[in-house]
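Chemist: Got a predicted structure here, sequence first:
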Amino acid sequence: MGAKEIEAFLTWLATVQRVSASTQNQALSALLFLYRHVLSVDSGPIAQLPRAQMPVRVPVVLSRDEVRAVMRQLDGVAWLVVALLYGAGLRLQECLELRAKDVDFDRNEIVVRRGKGQKDRRTVLPEAVKERLRTHLCDVHRQHEQDLAAGHGRVALPDALARKYPNAAAEWSWQFAFSAGRVCRDPKWGPPSRYHLRESAVQRAVTMAVQRSGIAKRAGCHTFRHSFATHLLEDGYDIRTVQELLGHADVSTTMMYTHVLNRGGLGVRSPADRL
């Protein structure tokens, strides 16, 4: 199979099977790997072989009233998680992987460890969440002490920290801020440990809350992060500041939120508004 045959196959994949751009590119990479490294066959020059372009989509953003409407349909831990997604601009996985030591009430900040791209960053701790989060962490601390009394109280540690610090897994500072309701006792994961809350539990709660609020938007957990960035820009904050809070490596990624501002990316006023 040469470059022309590969291109014909990808065209068939796109037009007949109607697969996404990422699937087309994955198929191309798989074919090239197969012929080059497994079959040791030269497929010929492929420099001009086009790769499928990923579609550019405008993020779904909720208004402030819509955020309030969804939040009114939530309670307990789900409310806290969503409040941090919107109030601190966290990704869902980043929020659920927060440890007790990552929340600084005195400095009003949250430290995200090993976020996307394995990068650490600081973001704001919303004043509106502090008291409920403090009460929640006190409940988690009491649960941790009960686990210790029962001979458990361990938590999964990242990388090789469990070998470097054998006792750290049982320390309060390393416990998940949003811990699971049950202790995992599967021996293949080591000693009994309490992991963080499952992503699907929060996702289901958000889906139900959006439906009950009557909002006609396809909103999910990540929508609150989009809304966080958009509302900061609407309030006049510098885009570089928003980029730092979101943890974007390139400001061009943050620039996409200028396209969903109420006045448009350049503050343009429609000529229809002057009639």
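Modeler: On my side now, so go ahead.
Chemist: List the buried residues of stretch 177-189.
Modeler: Within stretch 177-189, the residues that qualify as buried are 177-179, 183-184, counting by 16 or more other C-beta atoms under 10 Å. (Each C-beta comes from the backbone N, C-alpha and C, glycine too.)
Chemist: Name the residues of stretch 62-72 that are buried.
Modeler: Applying 16+ other C-beta under 10 Å to stretch 62-72 flags 62, 66-67, 69-71 as buried.
Chemist: Ok, stretch 219-230 next?
Modeler: 219, 221, 223-230.
Chemist: What is the nearest of the residues you listed to Cys95?
Modeler: Distances from Cys95 to the buried residues of stretch 219-230, taken as C-beta to C-beta, are shortest for Cys221 (8.7 Å).
Chemist: so what's the closest residue to the closest one other than its chain neighbours up against?
Modeler: In space, Cys221 comes closest to Leu92 once its chain neighbours are excluded; the distance is 4.4 Å by C-beta to C-beta, 6 or more residues apart in numbering. Counting by C-beta atoms under 8 Å, 6 or more residues apart in numbering, Leu92 touches 81, 85, 199, 202-203, 221-222.
Chemist: now do Leu245
Modeler: 88-89, 121, 123-124, 229, 232.
Chemist: let's see it at 6 Å
Modeler: Each residue near Leu245 by C-beta atoms under 6 Å, 6 or more residues apart in numbering is listed here: 89, 123.
Chemist: Now it: which helix or strand?
Modeler: Using DSSP states H and E, Leu245 maps to helix 239-246.
Chemist: quick one, strands of the chain?
Modeler: Secondary structure of the chain, counting by DSSP state E: strands at 103-104, 109-112, 121-124.
Chemist: ok, which stretches of the stretch 1-150 of the chain are helices?
Modeler: Secondary structure of the stretch 1-150 of the chain (DSSP state H, counting those that start in this stretch): helices at 3-15, 21-33, 64-72, 76-88, 92-96, 127-149.
Chemist: which stretch among the ones you listed comes nearest Ala160?
Modeler: Nearest of the helices of the stretch 1-150 of the chain (C-beta to C-beta): helix 92-96, 20.8 Å.
Chemist: tally of neighbours for Thr258?
Modeler: By the criterion of other C-beta atoms under 10 Å, Thr258 has 17 neighbours.
Chemist: how close does it get to Val41?
Modeler: To Val41, Thr258 is 48 Å away according to C-beta to C-beta, to the nearest Å.
Chemist: gap between the residue most central in space within the chain and Glu199?
Modeler: For the chain, the residue nearest the mean C-alpha position is Arg91 (2.7 Å; C-alpha atoms, centre = their mean). Separation of Arg91 from Glu199 (C-beta to C-beta): 10 Å.
Chemist: OK, contacts around Val112?
Modeler: 94, 121.
Chemist: again, only this time at 10 Å
Modeler: By C-beta atoms under 10 Å, 6 or more residues apart in numbering, the residues touching Val112 are 88-91, 94-95, 97-98, 102, 119-123, 245, 247.
Chemist: what residue ranges in this structure score low on pLDDT?
Modeler: Applying pLDDT under 70 to the chain flags residues 1-19, 42-55, 186, 188-189, 260-275.
Chemist: same thing but 50
Modeler: Where the chain drops to pLDDT under 50, the residues are 265.
Chemist: And it, what are its domain boundaries?
Modeler: Domain segmentation of the chain under automatic domain parsing yields 1-55, 64-260.
Chemist: out of those, deepest packed?
Modeler: Ranked by mean neighbour count, these are led by domain 64-260 with a mean of 16 (mean count of other C-beta atoms under 10 Å).
Chemist: gap between that one and the chain center?
Modeler: 9 Å (C-alpha atoms, centre = their mean, to the nearest Å).
Chemist: sorry, back to before: just the ones in helices from the buried residues of stretch 219-230, please.
Modeler: Counting by DSSP state H, those place 221, 223-230 in helices.
Chemist: which one of those residues sits closest to Pro192?
Modeler: Cys221 (28.8 Å).
Chemist: Just to check, that closest one is in contact with Phe228?
Modeler: No - with contacts defined as C-beta atoms under 10 Å, Cys221 does not count as touching Phe228, sitting 11.9 Å away.
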